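Chemist: prediction below, plus the sequence it came from.
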Amino acid sequence: DVIVESELRRRIEQVRRNLARPGQALPPEQVLRDQVLDRMTTDLALLQRALEAGLQVDNQSLDRAIVRLAESNGLTVSALRDQLRAEGVSFETFREDIRDEITISRLRERDVENRLRISDSEIDAFLESQSQSIKKVEEWLISQILIPLRSDASEQELQEATQRIKAWAEAVRKSEASFAELARQHSKSPEAAQGGALGWRSSERMPSLFFQAVKDLQAGDLTTPLRSGNGLHLLRVDDRRVAIGGELVDVYRARHILIRVDANTSEEQAARRLADLRDRLKLGEPFERLARAVSQDPGSAAKGGELDWAYPGDLVPEFERALAQLRPGEISPPVRTMFGLHLIELLERKREPLSEERFRLAARLALRDRKLSEAVNDWMREVRANSYVEIKP
């Protein structure tokens, strides 16, 4: 492959325009020329490696990238074309430049980003350096069935209640009955209508009697009958976790309908389509039916648009901000993200402490970002060093 003088001059002019917009000072002419030529040479070597690896960017992906680029600058694709023409830049040349950038990005992801490894000891050291030592709090997700008994209940009454509890426990263990359904039918506790669900409880937030009974149990295990001043209890551990003590965070369960904005669908067209869907939802059409029929998110459309529980940082910022403003059952107006336009319905919101796993994941991502820049520079130097470059006057 060859870098010709005319292409070098075009790239230098492009750098001049980019630096002139934010008002940055240009380096001396020869320094600028050497920098641009060095970057072009490295890019050429990277594109050659991508070609050998069979990495390609299809036209549909390229079209979507150009739409997002135009929108990030407050332009339509048509307006971007006009701007490039006014600057003397061919749209096709610009388009191929973007294709090359995406190709190199994918190569970098394959060769560098996917191979970065962060050890547990690095995470521990990072958290300690940030004065973020983890205070671990073990929690149990518990449900109960309660048979009320007076404190002076007879031995016969206690035995009868115990036999009923044991019979229910055996039915649950043999999968002959659902614990939640038994709680709704027979329990006399305040949360019976919710299947006996007590929610997540740490040792400080449950009676000592309960804690001693569940502390060694795993998810799905049942206690023996427990006698308290209120009666006889059967507890089920639905799940257990190690949470991080401290501030609670908002966690969301939602569903959405996505219309992508691309070369075939403008933002205005997508917005009109979602406005029509929103009107149909107001008239009572089921959200999940419309999501399955219309949504262009392949990951959630088959599930009626429903997403997994989302913690802070799981969703793109625009989507997360929209959720924060909704009440359960409320549907948003069209929301713009990098993926397109969405209708979002908030199904449920709750507050939970971050689990240790998520706390450490945040630290892992911070370390990854810190190491990535250095790893990319090393990778580019390696590719360049393994390439034969000849500069002719």
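Modeler: Okay, I see it.
Chemist: and the helix or strand where residue 381 lies, what's its mean pLDDT?
Modeler: Assigned by DSSP states H and E, residue 381 belongs to helix 356-385. The average pLDDT within helix 356-385 is 76.
Chemist: now do the buried residues in that helix.
Modeler: Neighbour-count burial for helix 356-385, with 16 or more other CB atoms under 10 Å as criterion, is recorded at 356, 358-360, 362-364, 367, 375, 379-380, 383-384. In this view, the C-beta of every residue, glycine as well, is placed from N, C-alpha and C.
Chemist: tell me what it is packed against?
Modeler: Using 3 or more CB pairs under 8 Å, 6 or more residues apart in numbering; DSSP states H and E, the elements in contact with helix 356-385 are helix 29-53, helix 91-111, helix 120-129, strand 231-259.
Chemist: which of those sits most buried?
Modeler: strand 231-259 (a mean of 19; mean count of other CB atoms under 10 Å).
Chemist: contacts for the helix or strand that it is followed by?
Modeler: Where DSSP H and E defines the elements, the next helix or strand beyond strand 231-259 is helix 267-282. Here helix 267-282 makes contact (CB atoms under 8 Å, 6 or more residues apart in numbering) with 71, 257, 259-261, 287, 290, 294, 331, 333-334, 336, 340-343.
Chemist: can I see the domain layout of the chain?
Modeler: 5-111, 136-246, 248-355 (automatic domain parsing).
Chemist: now do the helices in the stretch 51-200 of the chain.
Modeler: With helices called from DSSP state H, counting those that start in this stretch, the stretch 51-200 of the chain shows them at 59-72, 77-86, 91-111, 120-129, 155-173, 179-186.
Chemist: JSON lines for the ones you listed, including distance to residue 324 and mean pLDDT?
Modeler: Below are the helices of the stretch 51-200 of the chain laid out as JSON lines (distance: least, CB to CB, whole Å; pLDDT from 0 to 100):
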{"stretch": "helix 59-72", "distance to residue 324": "23", "mean pLDDT": "81"}
{"stretch": "helix 77-86", "distance to residue 324": "31", "mean pLDDT": "87"}
{"stretch": "helix 91-111", "distance to residue 324": "30", "mean pLDDT": "87"}
{"stretch": "helix 120-129", "distance to residue 324": "27", "mean pLDDT": "81"}
{"stretch": "helix 155-173", "distance to residue 324": "38", "mean pLDDT": "94"}
{"stretch": "helix 179-186", "distance to residue 324": "31", "mean pLDDT": "93"}
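Chemist: now those as JSON lines including distance to residue 303?
Modeler: Formatted as JSON lines, the helices of the stretch 51-200 of the chain follow (distance: least, CB to CB, whole Å):
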{"stretch": "helix 59-72", "distance to residue 303": "23"}
{"stretch": "helix 77-86", "distance to residue 303": "32"}
{"stretch": "helix 91-111", "distance to residue 303": "27"}
{"stretch": "helix 120-129", "distance to residue 303": "33"}
{"stretch": "helix 155-173", "distance to residue 303": "28"}
{"stretch": "helix 179-186", "distance to residue 303": "22"}
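Chemist: which one of the ones you listed lies nearest to residue 321?
Modeler: helix 59-72 (17.3 Å; CB to CB).
Chemist: Three-state assignment for the residue most central in space within the chain, please.
Modeler: Nearest residue to the geometric centre of the chain (CA atoms, centre = their mean): residue 314, 2.7 Å. Look at residue 314: counting by DSSP: H, G, I helix; E, B strand; the rest coil, its state is coil.
Chemist: ok, it - contacts?
Modeler: By CB under 8 Å, 6+ apart, the neighbours of residue 314 are residue 320.
Chemist: now do residue 8, the pLDDT please.
Modeler: In this model, residue 8 carries a pLDDT of 80.
Chemist: check which helices and strands the helix or strand that contains it sits against.
Modeler: Per DSSP H and E, residue 8 falls inside helix 5-20. Identification of packing neighbours for helix 5-20 by 3+ CB pairs under 8 Å, 6+ apart yields helix 29-53.
Chemist: got the angle for the helix it packs on vs helix 91-111?
Modeler: Relative orientation of helix 29-53 versus helix 91-111 (axes from the mean of the first three to the mean of the last three CA atoms, to 10 degrees): 70 degrees.
Chemist: and helix 29-53, what does it pack onto?
Modeler: Checked by 3+ CB pairs under 8 Å, 6+ apart, helix 29-53 has helix 5-20, helix 91-111, helix 356-385 packed alongside it.
Chemist: show me what that helix is in contact with.
Modeler: Residues outside helix 29-53 that contact it (CB under 8 Å, 6+ apart): 1, 3, 7-8, 11-12, 15-16, 26-27, 100, 103-104, 106-108, 110-111, 380, 383-384, 386-387, 389, 391.
Chemist: residue ranges with poor pLDDT in the stretch 201-350 of the chain?
Modeler: Residues of the stretch 201-350 of the chain meeting the criterion pLDDT under 70: 243-247, 263.
Chemist: dump the helices and strands packed on helix 29-53 into CSV; add distance to residue 66 as well.
Modeler: As requested, the helices and strands packed on helix 29-53 are exported to CSV (distance: least, CB to CB, whole Å):
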stretch, distance to residue 66
helix 5-20, 16
helix 91-111, 6
helix 356-385, 24
